[in-house]
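In: here is my input, please return the structure:
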Amino acid sequence: MATTTRRTRTTFLKISTGLTFSDEEQILVSTQKPLGIILEEVVKVENDNDESSGSGISSGGGCFVADVIKEGNAYQGGVRIGDILVAVQNMDVSQSSLEDVMERIGNAPRVVNLRFLRGDDVPGERE
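Out: Okay, here's the model as predicted:
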């Protein structure tokens with residue numbers, strides 16, 4: 001009696017860390033969740049001597065990368081601390097609140113398209 005041995009081949013589907021593209025002005029990162037970044041909302045402080053206008057502090061000026069996990073997907077895609085998030089899934093978030101940005105990222109598919117300005121290249125910043 002002949003014995004037949006069957007070999008089973010296992011194929012693993014691997015999703016890469018993503019795609020990064022820079023046009024010298026903006027950085028496009030396409031990466032999978034979890035991103036491995038901490039975003040903070042930009043807070044604008046206006047030096048207005050008119051006390052009737054309120055505290056002079058406002059939010060909703062967009063978000064920036066406050067921290068990035070070096071082993072994370074976003075870091076491997078090129079995201080760095082200080083980068084300014086300007087779009088999620090090609091939707092402008094440059095003036096959005098942190099809550100709105102997090103909702104957009106949460107509603108995005110597993111692979112998220114993010115567009116950033118490099119933090120030290122932002123016009124009018126860090127002069």
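
In: element containing the residue nearest to N90 when sequence neighbours are not counted?
Out: Leaving aside its chain neighbours, N90 sits nearest to N113 (6.4 Å; criterion: Cβ to Cβ, 6 or more residues apart in numbering). To be clear about C-beta, it is placed using only N, CA and C from the backbone, and glycine gets the same treatment. N113 is part of strand 111-117 when elements are defined by DSSP states H and E.

In: residue contacts, the closest residue to L19 other than its chain neighbours?
Out: Sequence neighbours aside, S30 is the residue nearest to L19 in space, at 4.4 Å (criterion: Cβ to Cβ, 6+ apart). Residues in contact with S30, defined by Cβ atoms under 8 Å, 6 or more residues apart in numbering, are G18, L19, T20, G77, V111, V112, N113, L114.

In: equivalent analysis for V86, please.
Out: Q26, G62, D92, V93, S94, R115, F116, L117.

In: which among the residues you listed count as buried?
Out: Buried by 16 or more other Cβ atoms under 10 Å: G62, V93, R115, F116, L117, out of the contacts of V86.

In: if we can go back for a sec, so the residue nearest to N90 makes contact with Q26?
Out: No: between N113 and Q26 there is no contact, the gap being 12.0 Å when judged by Cβ atoms under 8 Å.

In: coming back round to it: mind listing the residues bridging to the residue nearest to N90?
Out: Using DSSP bridges, the bridge partners assigned to N113 are S30.

In: so who does it touch?
Out: L28, V29, S30, A87, V88, Q89, N90.

In: over to A66?
Out: I38, L39, E40, I81.

In: again, but for C63
Out: L39, E40, E41, V42, I84, L85, V93, S96, L98, V101.

In: what about the residues you listed, which are in helices?
Out: When DSSP state H defines the helices, the subset of those inside them is L98, V101.

In: just the contacts of C63 now: which is nearest E71?
Out: The shortest gap between E71 and any of the contacts of C63 belongs to L39, at 18.1 Å (Cβ to Cβ).
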